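1. fold the following, please.
(chains A, B, C and D)
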Protein chains: 4
Amino acid sequence: MANTLNIGIIGAGRIGRVHAASLVYRVPNAGVLMIADVNEQAAHEVAARLGIPKVTGDYREVLAAPDVHAVLICSSTDTHARITQEAARAGKQIFCEKPISHSLAEIDETLAAVEKAGVKFQVGFNRRFDANFRRVRRAVESGEIGEPSLMHIVSRDPAPPPVEYVRRSGGMFLDMTIHDFDMARYLIGAEVEEVFTLAGVRIDPAIGAAGDVDTAVIMLRFANGAIGTIDNSRRAAYGYDQRVEILGSKGSIATLNNYPNQAIVSDGQSVRRDLPLNFFMDRYTESFATEVSEFVDAVLGGKPVPVGGKDGRVSVVIALAAMKSYREGRPIRIG
Amino acid sequence: MANTLNIGIIGAGRIGRVHAASLVYRVPNAGVLMIADVNEQAAHEVAARLGIPKVTGDYREVLAAPDVHAVLICSSTDTHARITQEAARAGKQIFCEKPISHSLAEIDETLAAVEKAGVKFQVGFNRRFDANFRRVRRAVESGEIGEPSLMHIVSRDPAPPPVEYVRRSGGMFLDMTIHDFDMARYLIGAEVEEVFTLAGVRIDPAIGAAGDVDTAVIMLRFANGAIGTIDNSRRAAYGYDQRVEILGSKGSIATLNNYPNQAIVSDGQSVRRDLPLNFFMDRYTESFATEVSEFVDAVLGGKPVPVGGKDGRVSVVIALAAMKSYREGRPIRIG
Amino acid sequence: MANTLNIGIIGAGRIGRVHAASLVYRVPNAGVLMIADVNEQAAHEVAARLGIPKVTGDYREVLAAPDVHAVLICSSTDTHARITQEAARAGKQIFCEKPISHSLAEIDETLAAVEKAGVKFQVGFNRRFDANFRRVRRAVESGEIGEPSLMHIVSRDPAPPPVEYVRRSGGMFLDMTIHDFDMARYLIGAEVEEVFTLAGVRIDPAIGAAGDVDTAVIMLRFANGAIGTIDNSRRAAYGYDQRVEILGSKGSIATLNNYPNQAIVSDGQSVRRDLPLNFFMDRYTESFATEVSEFVDAVLGGKPVPVGGKDGRVSVVIALAAMKSYREGRPIRIG
Amino acid sequence: MANTLNIGIIGAGRIGRVHAASLVYRVPNAGVLMIADVNEQAAHEVAARLGIPKVTGDYREVLAAPDVHAVLICSSTDTHARITQEAARAGKQIFCEKPISHSLAEIDETLAAVEKAGVKFQVGFNRRFDANFRRVRRAVESGEIGEPSLMHIVSRDPAPPPVEYVRRSGGMFLDMTIHDFDMARYLIGAEVEEVFTLAGVRIDPAIGAAGDVDTAVIMLRFANGAIGTIDNSRRAAYGYDQRVEILGSKGSIATLNNYPNQAIVSDGQSVRRDLPLNFFMDRYTESFATEVSEFVDAVLGGKPVPVGGKDGRVSVVIALAAMKSYREGRPIRIG
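-> Here you go, the predicted model:
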């Protein structure tokens, strides 16, 4: 295969722009040939800034372009499954943002299409590529902390999204916790067999009125006997909070947040530091770049992608079970 | 009332000796007049070391002594309820180690006896007097972190007790987690309405053979809508681990462990510190002294005791519910 | 020798009271028989609170008491040398607060008297007994950080003492830095050969008017080639600041301050903790108890005292050299 | 002026490659037109990787190119002054790596040439652009910590450079400490008036044989009365160590090192984290990008450069005084 992967990007929204910039500036063995968006003007702006040669308002032009080897699907969630299937049929290598779909049936159709086409399919769980969480995974994998028994994931947003967004999001479990479900499986290295959820509306009644929750704790029982908890809040006054702690038979590993600087101020009131990085784009800058870089490497090198279609599917299965547990007030078995 | 509270100690085991030393050395307005233990030799040794004038093998002598105003009941758990009832009938002010009993019926009898006698009754939940947890409580009470929504308690022992002990302990929930149930109520300032437990044997099969678990996560739903998790392990390779974190509407508060020193060593391998205080006696030295001191102050000052009989009862209720949830695999409502 | 050391305390001021309480409550093999103070009322109050049998307004009664084996000299600095000499002639074992004297001639006379009498003589450099600094010493002694090359001591008071006190203090180097000079020798394990001082009045012009400085950095060259700096300020807005860092050939060790609790609060402004322990009595509580306990052990066990007369002398030598360096604006050789 | 600054890079060594990559990937308003190196092959490799259109073995071609607006001088130290002068005469805007020269006479000539030509001249003190040190500067500038009184800079390399390099380096003060001298002036915001140095060979006798030292502490007295110390070592077993602490009248600010991740491992031995970022290229990645970006902005926007020729000169003045102080064993006045 060639030394450079020619890529078309579908979707010029926030995450599409991030991936486009990563590919142009930080992934030497990738070239971005096209960018598509239903809002063609948005696509034009990105293309001009990053020197992307072609722009289109119709993603099908990207799929039809013979010199495009791979596509990044960064369009709205409800189009992920359909475009993935079309891209697979067009023989493109595929990187798709999470979630593949909110419907398991649609996910299964999509995975079948991908498998039939024999193309690579990576799902955008970028946090697996973060230095902190990779270090935790390494501690588990290498046996540094022994057999993992207990895990606690903290995952809190600085502030809730607009209610408009909440309404279309599929609910907190499919929109936000889905990252944590993937993280849980990745870090423990085993599948989830049982889920129990306590949740509520603590932050904004409008979120409740939209049929969603804003605060939740989800308990997970893993096939290897480990037990995990995920602690979610749509608001943390101090900013974006992303941590994990695992206890194993030989010790524990815990991560702290990332901060804009390492300075500590002491005065007559307190000993303090500035707030942690507040925006997921800042917190996960490196992980976004690494995930697309590893996608490019996997395609060019003929290696498996680091996060596959099954990973995309299972996290939705757990999210649906978490929601069911919350609604029915009882633990739900999986699989 | 007098300026000094005359105290008799019942039980010269580990915790009895700790309280005796605290009273002698660190509580100026208390005097220890007698110490009793079925193992009279043990009581003699403590008395000699601390200058306690009278020793007996029969606790009833303590209850009969007219110059003894108050008793500390530090005997084995199965005697707590009975001795408390007898002490109440003898008109003594009472400090009793936790738990009052493993039987709710016996607890209710005991509380009734205490109430009838009109004596004070403090239960030995020493951790409420720890500087770290008091600071957390203050942050909740003062509104510093706003309305609490999520709480996570980590409570892990350095190593499991002998299986012999496990067998008589009433099980991990009544023996170990009971402290955390009390802490949860104390810190959140609301009652627990629902409990769900996942637990297992991860450390020592002999604990399982003895009918107990050694690893557990218990989820709590509070009357005020807050959600809590308690993370318990009978073994942590790095030592005694006692932490809590609470998220409120205005921010969070989290405690770290206590360490024997504040030194950080950096060499070619790592940047590290020595292990946290490994033994609950070292970790909670100050809290043990403070709890008996506040008991003495409450009696002498005619004020309510800081941890009452109801606190002793409710923590057992939650422990029994946690056990039931574990056995039946479903959430259990309380109250 | 007996199992208990009978002690007389000379001086019922702040430090005398601290030592008296430590001996009574925390040193089982010591008994306090007498306490003397020119302010006899002050001595009476301490005696009443701690149960010390005899009180006197004249320290010579302590020296004359045949059942007093050892004395703690906690009177004002200008009396240390004279009382030590008299105590030595009376055959008492001696613990004397620092400094022995501001005059090297008087110190030498005192050391000669002690040596002639063949009694033990410990100087009150309590910080050597602090858990943090002991850990640092252990890292140097054990070779954990290899050969020490660079040391940085931070030693800052929360607020300057009254100017009245400054005037009689002998100057900051003899009053405050003297602790750091002793610490430097103790931690590096080598003698100081050269001193250079930069200092000034940055906090209170009244301190300058009294002939003293309130801010200083002193550089030390040690006989083993290591280089040290001492960073002194009479005021730190955030409280009492006592830290040290040593770089050795295999790594470094650095200490942090002690805090009243291990809680961290995060809100919309900052991630912060409460201020460090603000008062030297709180910060060094344990070290004060340990130093008198080790004095008692040394006397009863016939072992050398942990901080001897030479240590008391050398720290004054360095302090005088630091002052001279500041006044003459040049490095001063020692020894 | 145009929207894009056309740049020629002189020197394709380590730092030249870093700046070239920053300009190509991270500075949208800069274009790299040429790269020159006496080792033309090295220049070709960089150009190929980064898409730089022209390559030359003779930097004079860069100076002669009419479409090159600005040059980055990244050649060997002994050529900085000469090439800067030629570039100034050619009317180029200039960014020059530090130090301008080891000779004050040559520096003065260079500054005169720059001034005469009326071009911009920025010196490569990249650490001023680091997030940690900028935060410290902000704390001083904004009055957050009040008037600064004491500063301590720690600046230690992971391992000494080859002796070959040491020999040509101009000595540790001109090669390594020069960064710290600039940092000291930048952070305190005042000039240095007096310098005193203690130094020695603690790490490698070969460094001593080459006429240099490998361990030093330099004391600085500032015009505003503040006192600073710089603690330098050519080796720190745990890696690259770059910290600063400033005490002001209202509080202090201190920075910690940067780490590759925020994970903490606890096991039976210790509570630890991985070593800090070990290589100055990793530690200062962002600062290198920011300094060239701000140079480009200054030129395009007609604003003053953030680090000027005087800054380059003064740091050499202090370095020469530090060396003199070390050789003569006495404090040296400056200016």
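
2. enumerate the residues of the stretch 201-335 of chain A near chain B.
-> A:202-203, A:215-217, A:219, A:221, A:225, A:227, A:229, A:231, A:233, A:235-238, A:241, A:247, A:249-252, A:329-331 (CB under 8 Å from any CB of the partner chain). Quick note: C-beta positions are derived from backbone N, CA and C, even for glycine.

3. give me the element the closest residue to chain C within the stretch 1-150 of chain A is part of.
-> The nearest approach of the stretch 1-150 of chain A to chain C comes at A:Asn132, 16.6 Å away (CB to the nearest CB). For A:Asn132, the element it lies in under DSSP states H and E is helix A:131-141.

4. show residues contacting that helix.
-> For helix A:131-141, the surrounding residues in contact (CB atoms under 8 Å, 6 or more residues apart in numbering or on different chains) are A:127-128, A:144-145, A:148, A:183, A:186-189, A:244, A:246, A:248, A:253, A:255-256, A:258, A:286-287, D:260-263, D:265, D:274.

5. change it to 6 Å
-> Applying CB atoms under 6 Å, 6 or more residues apart in numbering or on different chains, the contact partners of helix A:131-141 are A:127, A:145, A:148, A:187, A:244, A:253, A:255, D:261-263.

6. and what of stretch A:176-195?
-> Contact partners of stretch A:176-195, identified using CB under 6 Å, 6+ apart, comprise A:99, A:125, A:127-128, A:136-137, A:148, A:153, A:155, A:220-224, A:226, A:228, A:230, A:232, A:315, A:318-319, A:321-322, A:325, A:331-334.

7. which ones among the residues you listed lie within helices?
-> If you go by DSSP state H, these have A:136-137, A:315, A:318-319, A:321-322, A:325 in helices.

8. can you give me the helices in the stretch 201-335 of chain A?
-> Secondary structure of the stretch 201-335 of chain A, counting by DSSP state H, counting those that start in this stretch: helices at A:205-209, A:280-283, A:285-301, A:309-328.

9. could you list which of the residues of the stretch 201-335 of chain A next to chain B also contact chain C?
-> A:237-238 (CB under 6 Å from any CB of the partner chain).

10. now the buried members of the residues of the stretch 201-335 of chain A next to chain B.
-> A:202-203, A:215-217, A:219, A:221, A:225, A:227, A:229, A:231, A:233, A:235-238, A:241, A:247, A:249-252, A:331 (16 or more other CB atoms under 10 Å in any protein chain shown).

11. inside strands: which ones of those residues?
-> Those of these mapping onto strands are A:215-217, A:219, A:221, A:227, A:229, A:231, A:233, A:241, A:247, A:251-252, per DSSP state E.

12. returning to that earlier point: could you find the closest non-adjacent residue to the residue of the stretch 1-150 of chain A closest to chain C?
-> With CB to CB, 6 or more residues apart in numbering or on different chains as the criterion, A:Asn132 has its nearest non-adjacent residue at 4.2 Å, and that residue is A:Thr255.

13. enumerate the beta-bridge partners assigned to that neighbour.
-> D:Ala263 (DSSP bridges).

14. got the contact list for it?
-> A:132, A:243-244, D:262-263.

15. what about 10 Å?
-> Applying CB atoms under 10 Å, 6 or more residues apart in numbering or on different chains to A:Thr255 gives the contacts A:130-133, A:135-136, A:154, A:242-246, D:261-264.

16. model confidence for it, exactly?
-> With respect to pLDDT, A:Thr255 scores 98.

17. rewinding a little: what's the closest of the ones in helices among the contacts of stretch A:176-195 to chain C?
-> Among these, A:Val136 lies closest to chain C (CB to the nearest CB), at 20.7 Å.

18. how many neighbours does the closest one have?
-> Counted with other CB atoms under 10 Å in any protein chain shown, residues neighbouring A:Val136 total 27.

19. roughly how far does it sit from C:Val292?
-> According to CB to CB, to the nearest Å, A:Val136 and C:Val292 sit 47 Å apart.

20. do the same with A:Lys303
-> 69 Å.

21. just want to know which of these two has more residues nearby.
-> C:Val292 (26 against 11).

22. test my guess that that one contacts C:Tyr25.
-> No: using CB atoms under 10 Å as the test, C:Val292 is too far from C:Tyr25 to be in contact (11.3 Å).

23. pull up the distance across stretch A:51-71, start to finish.
-> End-to-end distance for stretch A:51-71: 17 Å, by CA to CA, to the nearest Å.

24. buried residues in that stretch, which are they?
-> In terms of neighbour count (16+ other CB under 10 Å), stretch A:51-71 has its buried residues at A:52, A:54-56, A:59, A:62-63, A:65, A:68-71.

25. nearest the middle, which residue of chain A would you pick?
-> Against the mean C-alpha coordinate of chain A, by CA atoms, centre = their mean, the closest residue is A:Phe125 at 3.0 Å.

26. can you count the residues close to the residue nearest to that residue when sequence neighbours are not counted?
-> Distance criterion CB to CB, 6+ apart; nearest residue to A:Phe125, sequence neighbours excluded, is A:Asp182 at 4.5 Å. A:Asp182 has 25 neighbours, counted by other CB under 10 Å.

27. go on, A:Ala190?
-> A:Ala190: 15 neighbours (other CB under 10 Å).

28. you'd agree it is in a strand?
-> No: read with DSSP: H, G, I helix; E, B strand; the rest coil, A:Ala190 is coil and lies in no strand.

29. mind pulling the model confidence for it?
-> 97.

30. give me phi/psi at it?
-> phi -150, psi 160 (degrees, to the nearest 10).

31. done for today, thanks.
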